[in-house]
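Student: next comes the sequence, and after it the predicted model I'd like to discuss.
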Amino acid sequence: MLRSMTTFASQDISGDGWTCAMELKSVNGRYFDVHFRLPRWMGALEDRFRRRIQEKLLRGRVDFSLQYEGEGAARAVFNVDIDLGRSYLDATKHLCQELALEDNLNLSEVLTLLKDVITSKEQVQDLDMVWQHLEGPLEGLLGMALSMAENEGARLERDLKGRLDEIAHLVDAVSRRSKKHLHEAQVSLKDRLQSILADIHVDEARFAQEAALLADKLDITEEIVRARSHIAQFKKYLAMSGTVGKRLDFLVQELFREVNTMAAKSSDSEISHLVVEIKAELEKMREQIQNVV
């Protein structure tokens, strides 16, 4: 079953003394690429999140955001540089004495002016405990994202199968027209030879040789066989699980190559029209495949 790279999931969770909001968005991408928006103090958990997300989503550009408050979260711890504060005040008093200024600074003014006397940093209490809180909700979030991706994948699969059946029908039409076109070309060749040579008898052996050369030139049997093989292989990939998007994209490229060769070799307007219809379906398929994992 196919799975889409496009998905979305979000949830709010709360426990005993903590709350959390998670959101995950994924769109198509050539490789797995995840971007995080986490609290700064939670950076040490990023690799754990990355591994869990990649195990489930496999491929695509993922945006994951998380907000956490409460038990285990970082809290601000303030540090006072006494020596620096004393130095500031001594310098202030000296300045006031030298310039005959009134020394009336209060504490709030000192702290406002001398912001580096008191500094703060985040202190994390227990990252392992935070991970225990988040591990289950993360699995739930990924489950919701996978469910949406699988539903979208099922829709893509139905669309691709329908277009693939139409392409198979058009390839059959090309095959039938190719045989008819070859017969018409051989008859036309004989008529032209008879018209040019008029009363001169046409050498049947020579005509047979020219007809064989014409048949070889116009023959697109190999291209038709390969196109049908690619269609059959495409159906097998549709039934597989895992990452098949790149393989499907490769087969579409190969089908493009085969039908272009059909049109070039046949030199028949009807076959060219059928090839245009096939290429239109292939182009729509290629657009859809860009979203397949």
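Tutor: Happy to help now that I have it.

Student: what lies in contact with the helix or strand where His273 lies?
Tutor: Using DSSP states H and E, His273 sits in helix 269-289. Residues from elsewhere that reach helix 269-289, judged by CB atoms under 8 Å, 6 or more residues apart in numbering: 156, 159-160, 163-164, 166-167, 170-171, 173-174, 177-178, 181, 220, 245, 248-249, 252, 255-256, 259-260, 262-263, 266. For the C-beta atoms, the positions are set from N, CA and C on the backbone; glycine is no exception.

Student: now do the contacts for Phe8.
Tutor: 24-26, 145, 148.

Student: could I get these as TSV with distance to Asp90?
Tutor: Listed next are the contacts of Phe8 as TSV, based on distance: CB to CB, whole Å:
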residue	distance to Asp90
Leu24	56
Lys25	56
Ser26	59
Ala145	61
Met148	65
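
Student: can you give me the mean pLDDT across the helix holding His273?
Tutor: Confidence for helix 269-289, expressed as mean pLDDT, is 95.

Student: check stretch 167-176 too.
Tutor: Here the average pLDDT along stretch 167-176 is 96.

Student: hey, C-alpha coordinates of that stretch in PDB?
Tutor: Once non-C-alpha atoms are left out, stretch 167-176 reads as follows in PDB (Å, rounded to 0.1, in the frame of the first residue of the first chain):
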ATOM      1  CA  ILE A 167      -2.000   3.800 -20.400                       C
ATOM      2  CA  ALA A 168      -2.100   0.000 -20.900                       C
ATOM      3  CA  HIS A 169      -5.200   0.500 -23.000                       C
ATOM      4  CA  LEU A 170      -3.400   3.200 -25.100                       C
ATOM      5  CA  VAL A 171      -0.300   1.000 -25.500                       C
ATOM      6  CA  ASP A 172      -2.600  -1.800 -26.800                       C
ATOM      7  CA  ALA A 173      -4.000   0.700 -29.300                       C
ATOM      8  CA  VAL A 174      -0.500   1.700 -30.400                       C
ATOM      9  CA  SER A 175       0.300  -2.000 -30.900                       C
ATOM     10  CA  ARG A 176      -2.800  -2.600 -33.100                       C
END
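
Student: put the buried members of the contacts of Phe8 into a PyMOL selection.
Tutor: Those of the contacts of Phe8 that count as buried under 16 or more other CB atoms under 10 Å are selected in PyMOL with:
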select buried, resi 24+25+26+145+148
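
Student: can you count the residues close to the closest residue in space to Asp159 that isn't next to it in sequence?
Tutor: Distance criterion CB to CB, 6 or more residues apart in numbering; nearest residue to Asp159, sequence neighbours excluded, is Gln288 at 6.0 Å. As a burial measure, Gln288 scores 19 neighbours (other CB atoms under 10 Å).

Student: list the contacts of Arg48.
Tutor: Arg48 makes contact with Trp131, according to CB under 8 Å, 6+ apart.

Student: just the strands in the stretch 101-250 of the chain please.
Tutor: For the stretch 101-250 of the chain, the strands defined by DSSP state E, counting those that start in this stretch occupy 118-123.

Student: ranges for the helices of the stretch 151-293 of the chain?
Tutor: 204-218, 221-238, 245-266, 269-289 (DSSP state H, counting those that start in this stretch).

Student: mind giving me the packing neighbours of the second one?
Tutor: The reference is to helix 221-238. Contact analysis of helix 221-238 by 3 or more CB pairs under 8 Å, 6 or more residues apart in numbering; DSSP states H and E lists helix 127-197, helix 245-266 as its packing neighbours.
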